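Colleague: My questions are about this predicted structure, shown below with the sequence.
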Amino acid sequence: MSEDNKLNILYFEGTSMRDLYDTMDGWQQQNRKRFLSMGIQKESEKFCCIALTNPSEVVIVDGYDGSNAQVIQGSLRVHIRE
């Protein structure tokens, strides 16, 4: 995976709280990442948000390299096909 996951600050704005929510929800659905924290303020006529994503999220199985991960009796077992 070539994704650089070290950049984790984002800025969103909307004309209403609903618009801001829709923008953030759309970003989250598209990027499939969770927000670690966020701060929302009203600036002039817009609602603005600075959000942090979780830089430590890890994809265990991406489905492309033949890897397989399972939890067996509370332990993570990873199988790598060579």
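Modeller: Nice, thanks for sending it over.

Colleague: can you give me the strands for the protein?
Modeller: Assigned by DSSP state E, the chain shows strands spanning 9-14, 35-43, 46-53, 68-72, 75-79.

Colleague: what's the angle between the one helix or strand in the chain whose mean pLDDT sits lowest and strand 75-79?
Modeller: For the chain, scoring each helix and strand by mean pLDDT, DSSP states H and E identifies strand 68-72 as the least confident one, at a mean of 72. Here the directions of strand 68-72 and strand 75-79 differ by 160 degrees (axes from the mean of the first three to the mean of the last three Cα atoms, to 10 degrees).

Colleague: Would you mind listing the buried residues in strand 68-72?
Modeller: Judged by neighbour count (16 or more other Cβ atoms under 10 Å), strand 68-72 contains no buried residues. Backbone N, C-alpha and C define where each C-beta goes, glycine included.

Colleague: Not counting its neighbours along the chain, what's nearest M17?
Modeller: Leaving aside its chain neighbours, M17 sits nearest to F47 (5.6 Å; criterion: Cβ to Cβ, 6 or more residues apart in numbering).

Colleague: does that neighbour really touch M24, like I thought?
Modeller: No: counting by Cβ atoms under 8 Å, F47 stays clear of M24, with 10.4 Å between them.

Colleague: before we move on, the earlier item: and the residue nearest to M17, what is it in contact with?
Modeller: By Cβ atoms under 8 Å, 6 or more residues apart in numbering, F47 lies in contact with 13-17, 19-20, 40-41.
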